[in-house]
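>>> need the 3D shape of this:
(one chain, ligands or ions: 2)
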Amino acid sequence: ALSGQASGPLAGVHALITAGPTREPLDPVRYLSNHSSGRQGYAIASALAAAGASVTLVSGPVALAPPRNVNLVQVETARQMLKACEDALPADVFVSVAAVADWRPARAATKKLKIKAVDTEAPAMELAENPDILRTLSNKRKHRPRLVVGFAAETHDVEAYARAKLERKGCDWIIANDVSGDVMGGADNEVVLITRETSERWPRMGKDEVARRLAGKIAAELGHDGG
Ligand code: CTP
Ligand code: CA
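Ligands and ions are numbered 1, 2, ... in the order given. Modelled structure (predicted):
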């Protein structure tokens, strides 16, 4: 439950966060997904709530406890995630941390597929493109959040790829995640904060610390930094 009278630098701010993977069904027992743990997104939701924001966390399936003082909306597919985000608008800030599956099986069978029945060739799976949630919210005419923050996991040319993503998606900031090391699924992260004008490399630090720093940056940007 959300407390009525929040205090802190983000009091009165509604923050919308996506986190975790999405899960795209092939049939009732099989799906396409990825290895996102949800840790960084959950840490950001917690840090924003601790700073006084009213937080809606739209999460794919993860093995994490719901953060305190956060409105958790659990979804499975990318399309459900987009719908839940649109239902949560208006928001002052959107932080898109989810590892959204770019593609889904074009058709989800209602009965378990008998894949082995086709015993001569490997079966083909037709894919359909999922909606891009970050791009969709960045390009809203009515109800575009004032600050839209994306994530980009890259193994090489981190800044250049991330800046291209910022342009393509129309967001304001990108947190570029350098995943060339051992940060995936771990407690630490190595990020570069990229804005339209600047880029700032942060030292390797815990995901909780990345979340707190980002919450501070968001508070300063939204003009509720307590000063
Ligand atoms: N994202 C999203 N919806 C999608 C795909 C991505 O909202 N269907 C968001 C992610 O939450 C992240 C950002 O877009 O904030 C970048 O995601 P990423 O997968 O790195 O970028 P893509 O454009 O999908 O490119 P690629 O996977 O080819 O690197
Ligand atoms: Ca992607």
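>>> ok, and the closest non-adjacent residue to Pro9?
Nearest residue to Pro9 in three dimensions, chain neighbours excluded: Ala219, at 3.9 Å (C-beta to C-beta, 6 or more residues apart in numbering). C-beta: built from backbone N, CA, C; applies to glycine.
>>> need the three-state assignment for that neighbour.
What DSSP: H, G, I helix; E, B strand; the rest coil gives for Ala219 is helix.
>>> pLDDT at it, what is it?
pLDDT for Ala219: 97.
>>> so what's the residue count around it?
23 (other C-beta atoms under 10 Å).
>>> do the strand or helix carrying Ala211 and ligand 1 meet?
If you go by DSSP states H and E, Ala211 is part of helix 207-221. No. If you take C-beta under 6 Å from any ligand atom as the test, helix 207-221 misses ligand 1, and the best it gets is 12.9 Å.
>>> wait, doesn't the residue nearest to Pro9 sit right on Ala51?
Yes. Using C-beta atoms under 8 Å, Ala219 is in contact with Ala51, at 6.0 Å.
>>> okay, now Ser36: neighbour count?
23.
>>> any idea how far it lies from ligand 1?
Per C-beta to the nearest ligand atom, to the nearest Å, Ser36 is found 9 Å from ligand 1.
>>> tell me the pLDDT of the nearest residue to that residue once chain neighbours are set aside.
Of all residues not flanking Ser36 in the chain, Ala99 sits nearest, at 3.6 Å (C-beta to C-beta, 6+ apart). pLDDT for Ala99: 97.
>>> next, the angle from whichever helix or strand Gly150 is part of to helix 207-221.
Using DSSP H and E, Gly150 sits within strand 147-154. If you take axes from the mean of the first three to the mean of the last three C-alpha atoms, to 10 degrees, strand 147-154 sits at 150 degrees to helix 207-221.
>>> does anything pack onto strand 147-154? Which helices or strands?
Strand 147-154 sits against strand 93-96, helix 133-138, helix 158-169, strand 173-178, helix 207-221, with contacts defined as 3 or more C-beta pairs under 8 Å, 6 or more residues apart in numbering; DSSP states H and E.
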